[in-house]
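> Provided below for reference: sequence and predicted model.
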Amino acid sequence: MLLGIKPKIEEVIIDTLADGSHDSLVLLQKVQQKTNATKQGFYRALRVLLNNEIITKNKQFVLLNPLWANRIEKFVERINTISTPKESETLLHLNEGDTMVFRFKSIIDLYLLWNHYFFIFCQKTEGSVLFFNTHNFWTLIRSDIENEMYAWIKNNNKKAYCVIGHDTPLDRTTSDYIKKDYGIELAYENNPSIRETVFPAVFGDYIMSTILDPVTVAAINELYKKYEKLEPSVQDELENIITNMKRSKVTIEKNKKKAEKIRKKLMNYFTFYK
């Protein structure tokens, strides 16, 4: 139930109560500001949370059940102290030239795994991170996750650079904000300097690349040529494109020479880089 792709009313209630207890009517108003929940839907969700002992009520006030919150805290602690360190050790002890490959049928599964390893690399490697995207269509798929990633970079003072392989009006619309809002250095190319099906991110000597099939990438290219501004039909067509995606994969490799080659090629757009 928690943190799904499309948050349920229950999740919005929990997120709102994370700031403290609320009068039930105030809570209803806040939830309706974030969702299209009806009054009946809100109270139905409230009953589900009460029956599962996730929340509790004190007269008209609603608050998170501290026992449930404690169980969640312990669960997160297990992830941070056991699961993530083990994966970090595996990733950061790759030998020079070693490669890990993950294959996907769903672009959402790919995106979630990519973000998982992104945070490990950012936390465990020094220096800046460098992204290349033919188009920054990822923000149209899951803007919430994409923006959490950018916010983490900003809040942790991690220097980041991003190069977009094309420079169309829609590219600007879907990418300019990451520099304005999050301070990520941004550059556009007239023609991609990296193969269009490959989207590498470089962390020190490590390269994490998303690789999509040529048909999907060609369809995304046409979408960015077709529209000059962001409108509902853009996301509708993009969803149709990625739903029909044939294959995709993420590769993680440790290759100092290759990482430096990508870095030098892309960082030419940032004259202050040394």
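Now that the structure is in, tell me what you want to look at. Numbers count the residues shown, from 1 in each chain.

> and stretch 96-107, which residues are buried?
Using 16 or more other CB atoms under 10 Å as the test for burial, stretch 96-107 gives 104, 107. In short, each C-beta sits where N, CA and C put it, glycine included.

> now it: mean pLDDT?
Stretch 96-107 comes out with an average pLDDT of 86.

> and stretch 138-154, by the same measure?
86.

> how many residues are close by residue 222?
12 (other CB atoms under 10 Å).

> which stretches in the chain count as helices?
Applying DSSP state H to the chain gives helices spanning 9-17, 24-34, 39-51, 66-78, 84-92, 107-124, 138-141, 143-155, 169-182, 214-226, 232-243, 256-267.

> quick one: which of those helices is nearest residue 58?
helix 24-34 (10.6 Å; CB to CB).

> from the chain's centroid, how far away is the closest one?
27 Å (CA atoms, centre = their mean, to the nearest Å).

> in it, what's buried?
27-28, 30-32.

> nearest residue to residue 32 in space, please, no chain neighbours.
residue 42 (7.2 Å; CB to CB, 6 or more residues apart in numbering).

> thought residue 28 was touching that neighbour, still the case?
Yes: using CB atoms under 8 Å, residue 42 is in contact with residue 28, at 5.2 Å.

> deepest-packed of the helices of the chain, please.
helix 9-17 (a mean of 20; mean count of other CB atoms under 10 Å).

> that one packs against which elements?
helix 24-34, helix 39-51, strand 55-58, strand 61-64 (3 or more CB pairs under 8 Å, 6 or more residues apart in numbering; DSSP states H and E).

> which one of these has the lowest average pLDDT?
strand 55-58 (a mean of 82).

> and it, which strands flank it?
strand 61-64 (antiparallel) (DSSP bridges).

> shaky segments in the chain?
Filtered on pLDDT under 70, the chain yields the residue ranges 1-7, 69-91, 271-274.

> show me the protein divided up by domain.
Following automatic domain parsing, the chain resolves into domains at 9-64, 95-267.

> straight-line length of the first one, end to end?
This means domain 9-64. Distance between the two ends of domain 9-64: 15 Å, counting by CA to CA, to the nearest Å.

> and it, how far out from the chain middle?
27 Å.

> then the longest one?
In this view, domain 95-267 has its centroid 10 Å away from the chain centroid, taken as CA atoms, centre = their mean.

> could you report the distance from the closest residue to residue 107 other than its chain neighbours to residue 21?
Among residues not flanking residue 107 along the chain, residue 242 sits closest, at 4.6 Å (CB to CB, 6+ apart). Look at residue 242 and residue 21: by CB to CB, to the nearest Å, they are 41 Å apart.

> who's in contact with the closest residue to residue 187 other than its chain neighbours?
Once flanking residues are discounted, residue 187 sits nearest to residue 269: 3.6 Å by CB to CB, 6+ apart. By CB atoms under 8 Å, 6 or more residues apart in numbering, the residues touching residue 269 are 163, 187, 189.

> one more: residue 146?
By CB under 8 Å, 6+ apart, the neighbours of residue 146 are 138-139.

> same thing with residue 28?
39, 42.

> and residue 262, how close does it get to residue 208?
On the measure of CB to CB, residue 262 and residue 208 end up 11 Å apart.

> tell me, what's touching those two both at once?
Joint contacts of residue 262 and residue 208 (CB under 8 Å, 6+ apart) are residue 200.

> so which of the helices of the chain gets nearest residue 201?
Evaluated over those, closeness to residue 201 peaks at helix 107-124, with 6.9 Å, by CB to CB.
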